[in-house]
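Student: how would this look folded up:
(2 chains)
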There are 2 protein chains.
Amino acid sequence: MTAQIIDGKAFAGDLRAKVAAMVPAFRAKAGRAPGLAVVLVGEDPASQVYVRNKHKMTIEAGMESFEHRLPADTSQDALIALVHQLNADPSVDGILVQLPLPRQIDESAVLAAIDPDKDVDGFHVVNVGRLSTGMAGYVPCTPLGCVMLLKDRLGDLSGKDAVVIGRSNIVGKPMAQLLLAENCTVTVAHSRTANLPEVVRRADIVVAAVGRPEMVKGDWIKPGAIVIDVGINRVPGAGPGKTKLVGDVDFAEAVEVAGAITPVPGGVGPMTIAVLLRNTLVAAHRLAGVPYEKGAI
Amino acid sequence: MTAQIIDGKAFAGDLRAKVAAMVPAFRAKAGRAPGLAVVLVGEDPASQVYVRNKHKMTIEAGMESFEHRLPADTSQDALIALVHQLNADPSVDGILVQLPLPRQIDESAVLAAIDPDKDVDGFHVVNVGRLSTGMAGYVPCTPLGCVMLLKDRLGDLSGKDAVVIGRSNIVGKPMAQLLLAENCTVTVAHSRTANLPEVVRRADIVVAAVGRPEMVKGDWIKPGAIVIDVGINRVPGAGPGKTKLVGDVDFAEAVEVAGAITPVPGGVGPMTIAVLLRNTLVAAHRLAGVPYEKGAI
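Tutor: The predicted structure follows:
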């Protein structure tokens, strides 16, 4: 058996196009475009690439993009002052502070300063609580993107056995909450799990989010299961000095067993920015008081 | 094999005694007793019994008990005004609004009005988010009591397979978060779970919190597993007009298979008020700026 490949890049492109298609109607009703503010502190090269892509795709979707680049030695107070300014700015619907932040800044203090109703990354403690209790809020982009891919593939997820490997606040825990809200039977496994292969083998849906290259082997996968690989790990490639990206799943093995699988790259990765734009569109509707059809995208 | 019976009543009594033993030192440092305010709206008989017990045990622990009884036709605005008054009252460390509330009042609006730092019931969305992300906050009393009973029995829970049956905001979901924080591999099962007996049979720790009398049968339990029964269901008893209390677990069957089990009544039930007093003691220390030794009780 050879798995179907879940084309996250194409799905993300479609999602961005759907967002873009909804922007003109919003503009007509609200008299302004949805606005996303991205704050980058310092010169981390990966973060710079990511922020550049966000900017480009925000513009492509017809939204306003506000970039704030601050030097690496920015103080926590100065960063929080900027966040407060963005909270108060009516042209800003979504605020994203690119992580990681330099050492002198307490990330949790900065995230706590963001207005929960502009927290399109879904990391604020209020949005974490809203997700758990089933209230409307904002859900972290990567796990929400994973659920979109799963629902696109499976339709109704109700009653499926899902295993989430990893329990980070950014992926694993919100992923578990989302799958529970979709009526999956959800198991959260992690580094302390005894007999991880056996736990994974029970699952109709496997979400790997641990950051360990190719850890999940082919014989851990139940034949026909759907495998969502959130890992993005850079490892030595073919030839001296070369590197390549691999996921948390041993793709070559798993593709022979799974029913469907996301590749790395080109699977979950492209979903994150697309969902960020979707969350910003939702935030704009809520903040401007323009009705947003539930489940529109 | 016959299971050991977990005596929650005795454990809760010890816990209340430990709380009481810490009150004099707090009083000496803060110049006042810890204070718990309980608000009861209407005449629900079960709520009245519960509030009376809370009052009695609060006093017995050497704390101040502030009871507020409001008529059944109290408006939401009036109730929220009282909550704001209690938020501002420096002699009040913990606020508990007894649920359920009369129909004209939106429970979520009232819970949201409680200062999260006085929310000793742990139902405020901020405390839900804090629990999920590992920040200090307040955890709902019943699931925290269950974890205390488990740790008392097993010591380290790390690596245990735990199944939580039920996904309520009050028990199931916080229970899952707590077991995850204790490094269990946690599965949340519920009404949509396919083959529930098989899922339960995997577990070293079973927590039943569904509210269905004697639903969990003996042959669902792995021999030697620890069974925590959160259910309290009133069912017809022996003889006409008689009733009795049973849990969500078929005790007579499960006691023959489990390693240890909580009875109903006398298991989890008595823990709730004891943990409420413990949470109030913690809140008093935090609000008064008196150091509380982490994990003291």
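
Student: how about the residues of chain A that lie near chain B?
Tutor: Where chain A comes near chain B, counting by C-beta under 8 Å from any C-beta of the partner chain, the residues are A:108, A:124-130, A:132-135, A:158-161, A:167, A:169, A:173, A:176-177, A:180, A:183, A:185-190, A:192-194, A:199. Placement of C-beta: from N, CA and C, glycine included.

Student: buried subset of these?
Tutor: Applying 16 or more other C-beta atoms under 10 Å in any protein chain shown to the residues of chain A next to chain B, the neighbour count classes A:124-130, A:132-133, A:159-161, A:167, A:169, A:173, A:176-177, A:180, A:183, A:185-190, A:192-193, A:199 as buried.

Student: of the residues you listed, which belong to strands?
Tutor: A:161, A:185, A:186, A:187, A:188, A:189 (DSSP state E).

Student: just give me the closest of these to residue A:112.
Tutor: Using C-beta to C-beta, residue A:188 is the member of those that sits closest to residue A:112, with 24.8 Å.

Student: residue A:174 is in contact with the closest one, correct?
Tutor: No: if you go by C-beta atoms under 8 Å, residue A:188 and residue A:174 don't touch, sitting 11.2 Å apart.

Student: residues near residue A:289, how many?
Tutor: Counted with other C-beta atoms under 10 Å in any protein chain shown, the neighbours of residue A:289 add up to 8.

Student: distance check, it against chain B.
Tutor: Distance of residue A:289 to chain B, given as C-beta to the nearest C-beta, to the nearest Å: 20 Å.

Student: is it true that residue A:279 touches residue A:120?
Tutor: Yes: the pair residue A:279 and residue A:120 passes the contact test of C-beta under 8 Å, sitting 4.0 Å apart.

Student: more neighbours: the two, which one.
Tutor: Neighbour count, other C-beta under 10 Å: between residue A:279 and residue A:120, residue A:120 has more, with 28 against 24.

Student: can you tell me the closest non-neighbouring residue to that one?
Tutor: In space, and not counting its chain neighbours, residue A:120 is closest to residue A:94: 3.5 Å by C-beta to C-beta, 6 or more residues apart in numbering or on different chains.

Student: what pairs with that neighbour across the strands?
Tutor: residue A:36 (DSSP bridges).

Student: so what's it up against?
Tutor: Taking C-beta atoms under 8 Å, 6 or more residues apart in numbering or on different chains, we find residue A:94 in contact with A:34, A:35, A:36, A:37, A:118, A:120, A:276, A:279, A:280, A:283, A:284.

Student: relative to residue A:83, how far out is it?
Tutor: Applying C-beta to C-beta, to the nearest Å, the value for residue A:94 to residue A:83 is 12 Å.

Student: domains for chain A, by residue range?
Tutor: Annotated domains of chain A cover A:30-124+A:271-288, A:141-270 [automatic domain parsing].

Student: what would those domains look like in JSON lines with mean pLDDT and distance to residue A:16?
Tutor: Supplementary listing: the domains of chain A in JSON lines, determined by pLDDT from 0 to 100; distance: least, C-beta to C-beta, whole Å:
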{"stretch": "domain A:30-124+A:271-288", "mean pLDDT": "97", "distance to residue A:16": "5"}
{"stretch": "domain A:141-270", "mean pLDDT": "97", "distance to residue A:16": "9"}
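
Student: need the winner for burial among the ones you listed.
Tutor: Among the domains of chain A, ranked by average contacts under mean count of other C-beta atoms under 10 Å in any protein chain shown, first place goes to domain A:141-270 (a mean of 20).

Student: any idea whether the residue of chain A positioned farthest from its centre is helix, strand or coil?
Tutor: Here chain A reaches farthest from its C-alpha mean at residue A:240, the gap being 32.8 Å by C-alpha atoms, centre = their mean. Following DSSP: H, G, I helix; E, B strand; the rest coil, residue A:240 is assigned to coil.

Student: and the helices in the stretch 1-150 of chain A?
Tutor: A:8-30, A:45-60, A:76-88, A:107-113, A:125-133, A:141-154 (DSSP state H, counting those that start in this stretch).

Student: show me the contacts for residue A:207.
Tutor: Each residue near residue A:207 by C-beta under 8 Å, 6+ apart is listed here: A:146, A:162, A:163, A:164, A:165, A:166, A:172, A:175, A:179, A:228, A:230.

Student: surely residue A:243 touches residue A:213?
Tutor: No: using C-beta under 8 Å, residue A:243 makes no contact with residue A:213, being 11.3 Å away.

Student: now do the shared contacts for these two.
Tutor: residue A:235.

Student: for the stretch 151-297 of chain A, just list every one of the helices.
Tutor: Counting by DSSP H, counting those that start in this stretch, the helices of the stretch 151-297 of chain A are A:172-181, A:196-201, A:251-254, A:271-288.

Student: please save the CA atoms from the second one in CSV.
Tutor: What follows is the C-alpha trace of helix A:196-201 in CSV, where atoms were taken according to Å, rounded to 0.1, in the frame of the first residue of the first chain:
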residue,chain,number,x,y,z
LEU,A,196,5.1,4.7,22.2
PRO,A,197,5.1,2.5,19.1
GLU,A,198,2.2,0.5,20.5
VAL,A,199,0.3,3.7,21.4
VAL,A,200,0.7,5.1,18.0
ARG,A,201,-0.3,1.9,16.3
